[in-house]
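Undergrad: I would like the atomic coordinates for the input below:
(chains A and B)
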Amino acid sequence: GESVGLHLPTLSVQEGDNSIINCAYSNSASDYFIWYKQESGKGPQFIIDIRSNMDKRQGQRVTVLLNKTVKHLSLQIAATQPGDSAVYFCAEKSGTYKYIFGTGTRLKVLA
Amino acid sequence: EAGVAQSPRYKIIEKRQSVAFWCNPISGHATLYWYQQILGQGPKLLIQFQNNGVVDDSQLPKDRFSAERLKGVDSTLKIQPAKLEDSAVYLCASSLERQGAGELFFGEGSRLTVL
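TA: Purely as a prediction, here's the structure:
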């Protein structure tokens, strides 16, 4: 299917290496954040979330770090695999039920 | 658990024609969203519903776009008349908020091409 994000920033990593994807959010009052993965031709899929009262949260092979001082969010993927190739979006919850998405980063995993 | 269902998956129309997209959210999810995703960009919120009431439609181009959510379940998004710049993927999402947080579950999207 047609690719999502042909003109997005791209991060290329070697298979087995760790990946770090960064995101700057806009609203200092945002209290909840989510990382999504979007494969070509599909809707975004939830990866991991974090509330603003936390600095770090770990999942299976993924870690999200939140730095509220500089309004920065990062997603770390350990031992990156070919199946991790996709576009990654961060989303911030700004206000009641309202989620705002970033522009996205394309992750390419090199064999 | 069934996911968010959307139809049609693909639609090609000429400018000035009309189109409608349908969404069935996950059962029990009170909040429903329509997002527009233009190629190379992140999803942009068009409208969000809480049950069958509109919470936010500030970014919906109301001169040509309309949406409704009858009975607080299914929703339709309509574009009339369509413009070339409406070519995008229209994503529907639903969520079950708990204590001020809750992930959005997305459908596969409806890809619109306006010629």
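Undergrad: quick one: pLDDT of A:Gln76?
TA: Predicted confidence (pLDDT) for A:Gln76: 98.
Undergrad: how far away is it from A:Phe46?
TA: 17 Å (Cβ to Cβ, to the nearest Å). In short, each C-beta sits where N, CA and C put it, glycine included.
Undergrad: repeat that for A:Gly104.
TA: Distance of A:Gly104 to A:Phe46, computed by Cβ to Cβ: 15 Å.
Undergrad: what does B:Gly102 give?
TA: 10 Å.
Undergrad: burial measure for residue 62, as a count.
TA: Just going to use chain A. Residues within reach of A:Val62, counting by other Cβ atoms under 10 Å in any protein chain shown, total 17.
Undergrad: meant chain B, my bad for not saying
TA: B:Lys62 has 11 neighbours, counted by other Cβ under 10 Å.
Undergrad: quick one: secondary structure of it?
TA: Per DSSP: H, G, I helix; E, B strand; the rest coil, the local secondary structure of B:Lys62 is coil.
Undergrad: mind listing what it touches?
TA: Residues near B:Lys62 by Cβ atoms under 8 Å, 6 or more residues apart in numbering or on different chains: none.
Undergrad: would you mind measuring from it to chain A?
TA: 18 Å (Cβ to the nearest Cβ, to the nearest Å).
Undergrad: quick check: phi and psi on that residue?
TA: As for B:Lys62, its main-chain torsions (degrees, to the nearest 10) stand at phi -70, psi -10.
Undergrad: B:Ala20 contacts B:Thr76, correct?
TA: Yes: with contact defined as Cβ atoms under 8 Å, B:Ala20 reaches B:Thr76; the gap is 5.5 Å.
Undergrad: which one of A:Gly104 and A:Phe46 is surrounded by more residues?
TA: Higher neighbour count among A:Gly104 and A:Phe46: A:Gly104, with 25 against 14, using other Cβ under 10 Å.
Undergrad: list of residues touching stretch A:22-30?
TA: Stretch A:22-30 has contacts (Cβ under 8 Å, 6+ apart) with A:33, A:35, A:52, A:68, A:70-75, A:90, A:92-94, A:100, A:102, A:105.
Undergrad: residues contacting the most centrally placed residue in chain B?
TA: Closest residue to the average C-alpha location of chain B: B:Trp34 at 2.7 Å, with Cα atoms, centre = their mean. By Cβ under 8 Å, 6+ apart, the residues touching B:Trp34 are B:23, B:45-48, B:67, B:75, B:77, B:90-92.
Undergrad: could you tell me which strands sit next to the helix or strand of chain A with the lowest mean pLDDT in the sheet, and their orientation?
TA: For chain A, the helix or strand with the lowest mean confidence is strand A:99-101, at a mean of 89 (criterion: mean pLDDT, DSSP states H and E). Strand A:99-101 has its sheet partners listed here by DSSP bridges as strand A:86-93 (antiparallel).
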